[in-house]
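In: please work out how this folds:
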Amino acid sequence: MPLDPTKQARDAAEAIRKLNHATLTPKQPVPAPVISSTVQALEQLLIRLPQALDQLSGQLHRDQTNNAIRMDDGSDPAAAIARVRTSLADTAQALDAATENLRDAAGPLFNMGSR
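Out: Presented below is the predicted three-dimensional model:
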């Protein structure tokens, strides 16, 4: 059975929601080593997101090339597709910058222990 991209994205969003709740008011303090491993995992998440966005953009471009997209109002989808693809590319670029920031945070965290 093929993977459903929408389900995968929703599951990832739900996992982040759970992370937000787990770190909002934890029952016990979150020690530095756990913060470190969590930041490293989030860095991996950010590293992988641009590829997903690029592949979705590529699929949209293929669908456009094959005239497989129509707009509900009957207009030419070219402008809307261009806007979506530009926004996806801009998001991927912003994620690259965010990844660098997380990498900067992960460095010192890696050397932190707890008492």
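
In: could you check how far the closest residue to residue 80 other than its chain neighbours is from residue 84?
Out: Spatial nearest neighbour of residue 80, excluding adjacent residues (CB to CB, 6 or more residues apart in numbering): residue 71 at 6.5 Å. For every residue, glycine as well, the C-beta is placed using N, CA and C. If you measure residue 71 against residue 84 using CB to CB, to the nearest Å, the figure is 12 Å.

In: could you do residue 26 as well?
Out: 38 Å.

In: tell me which of the two has more neighbours.
Out: residue 84 (15 against 10; other CB atoms under 10 Å).

In: does the more buried one sit in a helix or strand, and which one?
Out: Residue 84 is part of helix 78-110 when elements are defined by DSSP states H and E.

In: now for that helix, which elements pack on it?
Out: helix 32-65 (3 or more CB pairs under 8 Å, 6 or more residues apart in numbering; DSSP states H and E).

In: pLDDT value on residue 39, please?
Out: Predicted confidence (pLDDT) for residue 39: 96.
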